[in-house]
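Student: what follows is a protein structure lacking sequence information:
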C-alpha cells in the first residue's frame, strides 16, 4: 500500500468538508467520499480521520465566529441563526459521509459521534466564546425587557435562537440563558411590585399581577422552552405575590377586609387564585377571613340593641351566613378549608351569646307559626336547612331542646302551626343530626295530639249514647303524657261552674277506659271560643282559657277591679296581667276597657266591659302575648333545669367509660366525657369532677390507694 495513502485520502475528504461548509456540495460524489472514509477506517486510520475532522471543524467555526461578531444588534441574531442552520445542515452531510466511522471506530473507542461532535464544537467555539456569549445574553434579555415594557419583538427569531440553545443540550439552555433570564425577571418584578404597591389599590394590583403571570406563561409558549414555565411563574409569584401578600391583605380601604365587607366576588376570586399559588397564601386569607367573621359576629351577638328581637337577631345571623357562604362558593372555589374556617368562626361567636339556643328556637317558632305561609315545599325546606346550619353551631344543644320543646308544645296545643309537614320535616332533620334520643320525646308530643283526636271522638260518642247534655259546650281535650311534654306546674285556676261539670264528665270517661292514670288540668295551656254580644253586635272571640275565665265574670257585672278578678279566678299574677293586657290594651281587640288607660296592669286598675267594641270581623282572635324571650328570672330557672338534666347524662357517660376501661386517670376521664357529650353540650370540668365524687360516694367508682388521681370501676 502507498505509504502516503492516509494523507492523500484525508486531503480529498478535507477538501470535500470545506466545500460542504462553503455550500458547494452539489459537485461532490458522496459515494466516493463514503468509500474513502470507509477505507481509512478499514486500514486503521480512524484516529487520523477523527482528529482531522475536529481540526477542520474548529478552523471553520473560528472563521464563522468572527463573521457573526461583526454583526450588530438584531442582525447579530439573524447572522447567528443563519450560520447555525448552515452548520446543522453541513454537519448532517459530513455525518453521512463518515457513517462507517460512527458505527465502528467511534463506538469502539467511545468517542463522541460526528453529529454530536459538530454540536459540541459549535457550543464551545461560538455560543461559549466570551464575546459572543455576552452579546447573545445581552440581546436576548434586552428583547424580553422590551416586550415586558410594551414593545413588539421578533418572536420567531427569538424562538429559533432559543431552540438552538436547547438543541445544544438542556444544560446549555439553562446555564447560558435561563439562569440569567430568571435573575433579570426577579429584578424587574421586584421593582414593579414596589411601583404597583405605591400606585394601585389591592384589586388593581391583583389585576396587574394576574396579567403579568399570564404574559410570562404566554412568553414561554411563544418562544421559550416549556421547562421554563414553572420557574418563571415561581419568580413572578414570589416577587409580585409572596413578598407582597401581607401588605396586600392589609391594604387600607381596599385590602381583604373591605373586599369581604363589600362582597367583591371577582376581586376575592382573583386574590384566591393568585394566593393559592404561593406557600401560606390561602392560610393568610383564611386567617383574616376567620378573624373578621368572628369580630363581626361578636359585635352582632353582644350588641344589646340587635339582641332585643330574637327573630331579627337570628335573621341577621342567617344573612351573615348567606353572605359568607356566597363568598366561599363564588370566590373561594367552594374550598373545604375555607368552609371549615367559616364554620369554626360562626361556632365561636354564636356561642358567645348564652341566649342563642333560645333565640334560634324562637325564630323557628315564628316561622312555623306564620313566617312560612305561601312558601313552596322547596322554599320551606331551604329555610329549615339554613336554621339547621345555625343549630349545628350550638354547643348547648340540650338548651335548644328545652326551648324548642316549650315552643313546639304551644304550637301544637294552640293548633297554630303553618304546616304539619314542615314540623315533621324539622323533626326528621333534628333526628338525623342528633339521633333518636334527642327527638323521642318530641315525637311523643305528636303522638299525643293524634291520640287525643281519637279519644275525643270516643268521648262524644259515649256522651251522645248516654244522653249527657254538656250545656252546649263543645269540649276539646288534649291528653298529654307527663315526661314527653315540657314540665308545666299545674297552675291553679277556678273554672266556670258549667265548664267544671264538662271536665268532670271527661275525667270519669277517661279514667274508666285507662286504669291507673291520673289527670291534671293544665288550664294555662288551653284555648276557648266564646260568643259575645256588644250592644246589638255579635262576635265570636277566640281566647285563652285564662281569658275565658276572666270574660265570663262579666256576664254578671259590667265592672270589676283587678283584685276582684284575681280573687275570683285565682290565676297566677304574671299570667293574669298578660291576659288582661291582651283583653284591654291591644287596639282592635279591646273587649274590656281599663281605667286608668295605660299599657301596664296595676293592682289598683278597674276593668269595664266595652259594649262599644267594634271589629269588621265576626271572628276575633285575641292572642295572649306570643312566645317571647324569657325574663332574667325565667332564664335562670331554665338554666337550672338544664344543669339538673345534665347531671345524670354526665354520670352515665362516666360509668360507660369506666366500665369499658376499668382504670383511668382524672384528666383522661374529663377528656373522654367531654368528647362523648360534645354533640349535646360542653360539660364543665368542675361539674364532671363533682359527678365523679358523687359516683365514688355511691360506690360506682373508687380512688386508687396509691395514686389519688387514678379511679377504678367497681363492678
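Tutor: Sure, I can see it. This is a predicted model, so every value here is computed, not measured.

Student: how about the nearest residue to residue 679 once chain neighbours are set aside, what does it touch?
Tutor: Distances taken as C-beta to C-beta, 6 or more residues apart in numbering put residue 434 closest to residue 679, at 6.4 Å, once the chain neighbours are dropped. From N, CA and C alone the C-beta is placed, and that goes for glycine too. Residue 434 makes contacts with 397, 679-680, as judged by C-beta atoms under 8 Å, 6 or more residues apart in numbering.

Student: residue 74: which of those is nearest?
Tutor: Residue 74 lies nearest to residue 679 out of the contacts of residue 434, by C-beta to C-beta, at 73.7 Å.

Student: so the closest one touches residue 397, yeah?
Tutor: Yes: in terms of C-beta atoms under 8 Å, residue 679 counts as a neighbour of residue 397; the distance is 7.0 Å.

Student: which stretches of the chain form strands?
Tutor: Counting by DSSP state E, the chain has strands at residues 527-534, 537-544, 559-561, 592-595, 606-609, 619-621, 663-665, 701-703, 710-713.

Student: redo the ones you listed as TSV? Include mean pLDDT, distance to residue 215 and mean neighbour count.
Tutor: Listed next are the strands of the chain as TSV, based on pLDDT from 0 to 100; distance: least, C-beta to C-beta, whole Å; neighbours: other C-beta atoms under 10 Å:
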stretch	mean pLDDT	distance to residue 215	mean neighbour count
strand 527-534	87	74	15
strand 537-544	87	74	17
strand 559-561	87	88	16
strand 592-595	85	80	18
strand 606-609	88	84	18
strand 619-621	86	71	14
strand 663-665	90	63	15
strand 701-703	89	71	16
strand 710-713	89	68	18
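
Student: out of those strands, nearest to residue 208?
Tutor: strand 663-665 (59.4 Å).

Student: residue 337: neighbour count?
Tutor: By other C-beta atoms under 10 Å, the residues close to residue 337 number 12.

Student: now it. Nearest residue, chain neighbours left out?
Tutor: Once flanking residues are discounted, residue 337 sits nearest to residue 286: 6.4 Å by C-beta to C-beta, 6+ apart.

Student: what confidence value was assigned to the one you found?
Tutor: We note a pLDDT of 96 for residue 286 in this prediction.

Student: contacting residues for it?
Tutor: Contact partners of residue 286, counting by C-beta under 8 Å, 6+ apart, are 337-338, 341.

Student: output those residues as CSV; include the columns distance to residue 54 and pLDDT.
Tutor: Below are these laid out as CSV (distance: C-beta to C-beta, whole Å; pLDDT from 0 to 100):
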residue, distance to residue 54, pLDDT
337, 61, 95
338, 64, 96
341, 67, 96
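
Student: show me these that map onto helices.
Tutor: Of the contacts of residue 286, the ones assigned to helices by DSSP state H are 337-338, 341.

Student: what about the helices in the stretch 51-200 of the chain?
Tutor: Taking DSSP state H, counting those that start in this stretch as the criterion, the stretch 51-200 of the chain contains helices spanning 74-97, 99-101, 107-109, 114-122, 130-148, 155-167, 170-173, 179-199.

Student: and the fourth one, what does it pack onto?
Tutor: Right, the one you point to is helix 114-122. Using 3 or more C-beta pairs under 8 Å, 6 or more residues apart in numbering; DSSP states H and E as the contact test, the elements touching helix 114-122 are helix 46-69, helix 74-97.

Student: which residues does the first one contact?
Tutor: Looking back up the chat, that one is helix 46-69. 6, 10, 13-14, 17-18, 21, 37, 40-41, 76, 79-80, 83, 87, 94, 98, 101, 104-106, 109, 111, 114, 117-118, 121-122, 125-126, 129, 131-132, 135.

Student: mark which of those residues are buried, thanks.
Tutor: The neighbour count (16 or more other C-beta atoms under 10 Å) marks 6, 10, 13, 17, 21, 37, 40-41, 76, 79-80, 83, 87, 94, 98, 101, 105-106, 111, 114, 117-118, 121-122, 125-126, 129, 132, 135 as buried among the contacts of helix 46-69.

Student: which intervals of the stretch 51-200 of the chain have sub-threshold pLDDT?
Tutor: Counting by pLDDT under 70, not a single residue of the stretch 51-200 of the chain qualifies.

Student: one more time with 90, if that's ok
Tutor: Low-confidence segments of the stretch 51-200 of the chain, defined by pLDDT under 90: 70-74.

Student: tally of neighbours for residue 317?
Tutor: Neighbour tally, residue 317, other C-beta under 10 Å: 26.

Student: now it: closest residue in space that isn't a chain neighbour?
Tutor: Excluding the flanking residues, the one nearest residue 317 by C-beta to C-beta, 6+ apart is residue 390, at 5.9 Å.

Student: report the beta-bridge partner residues of the residue lying closest to residue 538 once chain neighbours are set aside.
Tutor: Among residues not flanking residue 538 along the chain, residue 531 sits closest, at 6.6 Å (C-beta to C-beta, 6+ apart). With DSSP bridges applied, residue 531 shows beta-bridge pairing to residue 540.

Student: which residues does residue 531 contact?
Tutor: The contact partners of residue 531, by C-beta under 8 Å, 6+ apart, come to 538-541.

Student: got it, and residue 181?
Tutor: With contact set as C-beta under 8 Å, 6+ apart, residue 181 has these partners: 140-141, 144, 224, 228, 232.

Student: how about 10 Å then?
Tutor: Applying C-beta atoms under 10 Å, 6 or more residues apart in numbering to residue 181 gives the contacts 137, 140-141, 144, 162, 173-174, 219, 224, 228, 231-232, 235.

Student: any idea how far it is from residue 204?
Tutor: 27 Å (C-beta to C-beta, to the nearest Å).

Student: before we move on, what about residue 304?
Tutor: Shown here: residue 304 relative to residue 204, a distance of 41 Å by C-beta to C-beta.

Student: with neighbour numbers in mind, choose between those two.
Tutor: A count of neighbours by other C-beta under 10 Å puts residue 204 above the other of residue 304 and residue 204, at 13 against 6.

Student: tell me the confidence at that one?
Tutor: With respect to pLDDT, residue 204 has a value of 96.

Student: enumerate every residue touching the residue nearest to residue 695 when sequence neighbours are not counted.
Tutor: In space, and not counting its chain neighbours, residue 695 is closest to residue 701: 4.8 Å by C-beta to C-beta, 6+ apart. The neighbourhood of residue 701, defined by C-beta under 10 Å, 6+ apart, consists of 654-655, 658, 664, 669, 692-695, 711-714.

Student: equivalent analysis for residue 5, please.
Tutor: By C-beta under 10 Å, 6+ apart, the contact set of residue 5 is 39-40, 43, 45.
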